[in-house]
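Asks: Make a model of this:
(chains A and B)
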Protein chains: 2
Amino acid sequence: MAKKKSKKSEKGPEKSVDLAAKITEKLRVTPGFGLASFDASSTPGFKGDKAEAAEVLADSDAEIDDLQERLYANGKDGDGPSVLLVVQGMDTSGKGGIMRHVVGSVDPQGVSLTSFKSPTAEEKKHPFLWRIRKGLPEPGMIAVFDRSHYEDVLIVRVHNLVPASTWQRRYGQINTFEQSVTDSGTKIIKIMLHIDADEQKARLSERLDRPDKWWKFNPGDLDERAYWDHYQEAYQVLLDKTSTDTAPWYVVPANRKWYARLAVQQILLHHLRGLDQPWPEAEFDVEEQKARLAEL
Amino acid sequence: MAKKKSKKSEKGPEKSVDLAAKITEKLRVTPGFGLASFDASSTPGFKGDKAEAAEVLADSDAEIDDLQERLYANGKDGDGPSVLLVVQGMDTSGKGGIMRHVVGSVDPQGVSLTSFKSPTAEEKKHPFLWRIRKGLPEPGMIAVFDRSHYEDVLIVRVHNLVPASTWQRRYGQINTFEQSVTDSGTKIIKIMLHIDADEQKARLSERLDRPDKWWKFNPGDLDERAYWDHYQEAYQVLLDKTSTDTAPWYVVPANRKWYARLAVQQILLHHLRGLDQPWPEAEFDVEEQKARLAEL
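Replies: This is a model prediction of the structure:
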């Protein structure tokens, strides 16, 4: 696992602790939150610019390494906590960038990443949470969902892919599910990357302008864009109904990619700190093993 | 996926091309290779020191990003090539460091990592390649094996976990299997991290000295160390029998972690270059989509 040691004590922990806690607090969805009036270009909790954000992002890696390795070490014997990071957002909101630049900076041995696409024929035969359960983290692991069970109250709701009575029930089912996952020792962190319609247009336009981006474009993306307002409404309902004390949502303004990456990293950092994992005790007699090794 | 563009043309490709090709050539196992006389502290194909290696390692990231993204893009429609990177080595040889520092620098969306532990009860019911097949890469993906089917002719051979006639057959079965995997479009890269016995002793000793390393230590590691010579012999036989034209082995001197990481990265880079993937053509009318987007 990670070789770097925590540089916490050398780096002025106060500033860093404050930033992660501050961003986490500012982006947490509480009752009365309104998506429509939340500025997607804002940078709550962070006064710096792009270059400063990149610096904090890089500087926080060593601490995340250390905390992640402690988490992993404590999971080795089959219990101990785990983390589930759920990432949602409209097309082009930057989910892939979060995977690459934030998730990608964590030791891959401690991460399990699942991208949820349209359900397969096999998946459709099962209740909607069936495939989700299969992606839940083992003890010590950080599971990351690129899209999630929330698609079952987003695209499914917008296009009425199941009867309304079915998707209406799902909010409650999701809350019950997430409570049980939490009770089993998994810290759930739910992120919505929030861009506005103009930003999406610019990003889709870039994909069409650049041959190295064509593979990311699908004409269906434009069909979906036509439902922008319906999706925003579906997100608002979802935030109202499923931002619980157990598993609150964090809405991250994502028009500025550099802020979104910093914010997701700091929210993850804040929660890893909260898990507060010591190095496990040795399950063997250290001196006895040293003596054995000396003979070999 | 990766945002960085290839810096190939700006970086003096000649030197870099040479290095990857040179290291790959030097470490490739050919008939007559002798593990016992291969210096685990050497740095074949690289004249620089640790700092220079770290620089090349960082500088090569952008090109690997670009090549990996092209590979991934071409796999999107369900065909196209893929890569399988197999990493083997004695305990403490640095497999974890390769996962973190080399595999960890590749976009996690394009990587599937499998760590093969002792087979589970379920796995034991099946032929030894059953669990291996489940870890093979989808088109466009880089699959990474931390240990692999080669354990079935290493620990299994050393401890006679199956009858000798069974493990003896496996070398041929592995070659047939790897030929079929290659024929299906997967480039197989097999790495053995090579440390010597003194280096292992020093690394085990460090694990015992540092409380933050205790979780990585298991008294069974010392039991296995007692079989050092048997393992070296099993590796030599495996290299003799399974370093084929289709899927050759690369033995990487790994007493110096910085060299091992550089070498594995450059071997991966060399093979990614060899796949030579263009950006996929658009499967839609670009101008038509631009016109649609303008209206939305």
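
Asks: Now do the helices in chain A.
Replies: For chain A, the helices defined by DSSP state H occupy A:13-27, A:50-75, A:95-101, A:121-124, A:130-133, A:155-158, A:164-183, A:197-209, A:219-225, A:228-242, A:257-275, A:286-295.

Asks: pLDDT below threshold where in chain A?
Replies: For chain A, residues meeting the criterion pLDDT under 70 lie at A:1-17.

Asks: Report the contact partners of the most centrally placed residue in it.
Replies: Of all residues in chain A, the one closest to the mean position by C-alpha atoms, centre = their mean is residue A:85, 3.4 Å from it. The contact partners of residue A:85, by C-beta atoms under 8 Å, 6 or more residues apart in numbering or on different chains, come to A:103, A:142-145, A:189, A:191, A:268. C-betas here are computed from N, CA, C, even on glycine.

Asks: Which residue, other than its chain neighbours, is closest to the residue in the stretch 1-150 of chain A that chain B sits nearest to?
Replies: Proximity of the stretch 1-150 of chain A to chain B (C-beta to the nearest C-beta) peaks at residue A:73, 3.9 Å away. Of all residues not flanking residue A:73 in the chain, residue B:215 sits nearest, at 3.9 Å (C-beta to C-beta, 6 or more residues apart in numbering or on different chains).

Asks: Touching, the one you found and residue A:281? I think so.
Replies: No - judged on C-beta atoms under 8 Å, residue B:215 makes no contact with residue A:281 at a distance of 9.1 Å.

Asks: The two: which has the busier surroundings?
Replies: Neighbours were counted for residue B:215 and for residue A:281 using other C-beta atoms under 10 Å in any protein chain shown; residue B:215 has more, 23 against 9.

Asks: what's the distance between that one and residue A:176?
Replies: Distance of residue B:215 to residue A:176, computed by C-beta to C-beta, to the nearest Å: 35 Å.

Asks: is it true that residue A:151 touches residue A:116?
Replies: Yes - counting by C-beta under 8 Å, residue A:151 touches residue A:116, with 6.4 Å between them.

Asks: Okay, and the beta partners of the residue nearest to the centre of chain A?
Replies: residue A:144, residue A:189 (DSSP bridges).

Asks: Quick one: the contacts of residue A:85 as TSV, columns for neighbour count and distance to residue B:124 too.
Replies: What follows is the contacts of residue A:85, written out as TSV (neighbours: other C-beta atoms under 10 Å in any protein chain shown; distance: C-beta to C-beta, whole Å):
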residue	neighbour count	distance to residue B:124
A:103	22	33
A:142	25	29
A:143	19	27
A:144	28	31
A:145	25	31
A:189	22	37
A:191	26	40
A:268	26	37
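
Asks: will you turn those residues into TSV that also has distance to residue A:228?
Replies: What follows is the contacts of residue A:85, written out as TSV (distance: C-beta to C-beta, whole Å):
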residue	distance to residue A:228
A:103	27
A:142	32
A:143	30
A:144	26
A:145	23
A:189	26
A:191	20
A:268	29
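
Asks: Among those, which one lies nearest to residue B:45?
Replies: Here the nearest of the contacts of residue A:85 to residue B:45, counting by C-beta to C-beta, is residue A:103; it sits at 32.8 Å.

Asks: How about residue A:214, nearest residue that isn't a chain neighbour?
Replies: For residue A:214, ignoring the flanking residues on the chain, the nearest one in space by C-beta to C-beta, 6+ apart is residue B:282 at 4.2 Å.

Asks: Can you name the residues that contact the one you found?
Replies: Taking C-beta under 8 Å, 6+ apart as the definition, contacts of residue B:282 comprise A:211, A:214, A:217.

Asks: How many neighbouring residues does residue A:49 have?
Replies: Residue A:49 has 12 neighbours, counted by other C-beta under 10 Å.

Asks: Torsion angles phi and psi at the residue nearest to residue A:214?
Replies: According to degrees, to the nearest 10, the main-chain angles of residue B:282 amount to phi -70, psi 140.

Asks: Show me which residues of the stretch 101-250 of chain A sit near chain B.
Replies: Contact residues (C-beta under 8 Å from any C-beta of the partner chain) of the stretch 101-250 of chain A with chain B: A:103-109, A:111, A:113, A:115, A:146, A:201, A:204-205, A:208, A:211-212, A:214-219, A:222, A:225-226.
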